[in-house]
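1. Structural data only, the sequence is not supplied:
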């Protein structure tokens, strides 16, 4: 009997820890995104439903009751982009082990190119593909399949280059394509001061697990974007260290 009680308590502890971890991961995924605001809105609707019951507001209660009865379908429709992004990231989490997406020397070439572009105030979008494929964006660009080098990246983004518009996509140390156009974010909370390049980087990372380096031609600054979140004014050391961590270099 004592052993059974002890075993039950251990199972309860494991159960609580697993649920707590899942809740933490969900909050971490939606923090700073549209999903957080939508969750707050759903919470307000639920409070209104409880209030309508308490104050006997029958018509309002009937409407909210019918709305909440199909809440699972509502959640899937509202959070479809966030659910898709979360599911694509599950296999890339440290829990499943790390993957090496780029070699150190190739990463160094990217950092050197970003710094050089920023110093010359040349705008650029450098996409680093990870687990999720980007074929739909590669197909509309110009295929290259070339080794990563600072000189090649600089030549692609020179204003005189016919493929300087759009982004380059790098995968496993190869520049797969250039002149690729990315989806713009529709998040209304993104700062209006951000230009098209930054919005495109945010839009892509909202839908995939890619990492994007953005160079602003107006400010000559480097930004790093991942999971729909942007870190602005990144220096070479921070860029190198963060990319090493994210790409397993």
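-> Sure, I can see it. What you are looking at is a predicted structure, and each value in this text was computed from that prediction instead of being measured.
2. If we ignore the residues flanking it in sequence, what's nearest residue 242?
-> residue 224 (6.0 Å; C-beta to C-beta, 6 or more residues apart in numbering). Where you see a C-beta, it was placed from the backbone N, CA and C, and this is true even at glycine.
3. any idea how far the one you found is from residue 47?
-> Distance, residue 224 to residue 47, using C-beta to C-beta, to the nearest Å: 38 Å.
4. who's more crowded, these two?
-> For residue 224 versus residue 47, neighbours defined as other C-beta atoms under 10 Å are more numerous around residue 224 (22 against 10).
5. That one looks like it's in a helix, true?
-> No - counting by DSSP: H, G, I helix; E, B strand; the rest coil, residue 224 is not part of a helix but strand.
6. so it touches residue 211, yeah?
-> Yes - using C-beta atoms under 8 Å, residue 224 is in contact with residue 211, at 7.2 Å.
7. For the two, list the residues in contact with both.
-> Applying C-beta atoms under 8 Å, 6 or more residues apart in numbering, one finds that residue 224 and residue 211 are jointly contacted by residue 243.
8. Could you give the separation of stretch 168-186 from the chain centroid?
-> Centroid displacement of stretch 168-186 relative to its chain, using C-alpha atoms, centre = their mean, to the nearest Å, is 15 Å.
9. Same question for stretch 116-130.
-> Computed by C-alpha atoms, centre = their mean, the chain-centroid distance of stretch 116-130 equals 18 Å.
10. now stretch 60-79
-> That offset, for stretch 60-79, works out to 28 Å (C-alpha atoms, centre = their mean).
11. Contacts only, for the residue nearest to residue 242.
-> 211-214, 230-231, 234, 239, 242-243 are the contacts of residue 224 under C-beta under 8 Å, 6+ apart.
12. Identify the residues contacting the nearest residue to residue 214 once chain neighbours are set aside.
-> Spatial nearest neighbour of residue 214, chain neighbours left out: residue 223 (4.3 Å); criterion: C-beta to C-beta, 6+ apart. Residue 223 sits next to 198, 201, 213-216, 230-234 when contact means C-beta under 8 Å, 6+ apart.
13. all helices in the protein, in order from the N-terminus.
-> 2-30, 34-54, 58-69, 71-78, 80-90, 104-119, 135-138, 150-157, 196-207, 236-247 (DSSP state H).
14. Tell me how far residue 149 lies from residue 155.
-> For residue 149, the distance to residue 155 (C-beta to C-beta) stands at 9 Å.
15. higher neighbour count, these two?
-> More neighbours surround residue 149 than the other of residue 149 and residue 155, with 16 against 13 (other C-beta under 10 Å).
16. Show residues contacting stretch 101-111.
-> For stretch 101-111, contacts defined as C-beta under 8 Å, 6+ apart pick out 126, 128-130, 147-150, 153, 170-173, 213, 236, 239-240, 243-244, 247-249.
17. Let's see that with 7 Å instead.
-> The contact list for stretch 101-111 (C-beta atoms under 7 Å, 6 or more residues apart in numbering) reads 126, 130, 148-150, 172-173, 213, 236, 239-240, 243-244, 247-249.
18. Equivalent analysis for stretch 178-188, please.
-> So stretch 178-188 is contacted by 33-34, 137-138, 140-142, 144, 156, 163, 165-169, 199-200, 202-204, 206-207 (C-beta under 7 Å, 6+ apart).
19. tell me the mean pLDDT over that stretch?
-> The pLDDT scores in stretch 178-188 average 91.
20. ends of it, how far apart?
-> 28 Å (C-alpha to C-alpha, to the nearest Å).
21. what comes up buried for that stretch?
-> Buried residues in stretch 178-188, defined by neighbour count with 16 or more other C-beta atoms under 10 Å: 178-180, 182, 185, 187.
22. And the contacts of residue 223, which is closest to residue 118?
-> The closest of the contacts of residue 223 to residue 118 turns out to be residue 215 (C-beta to C-beta; 5.2 Å).
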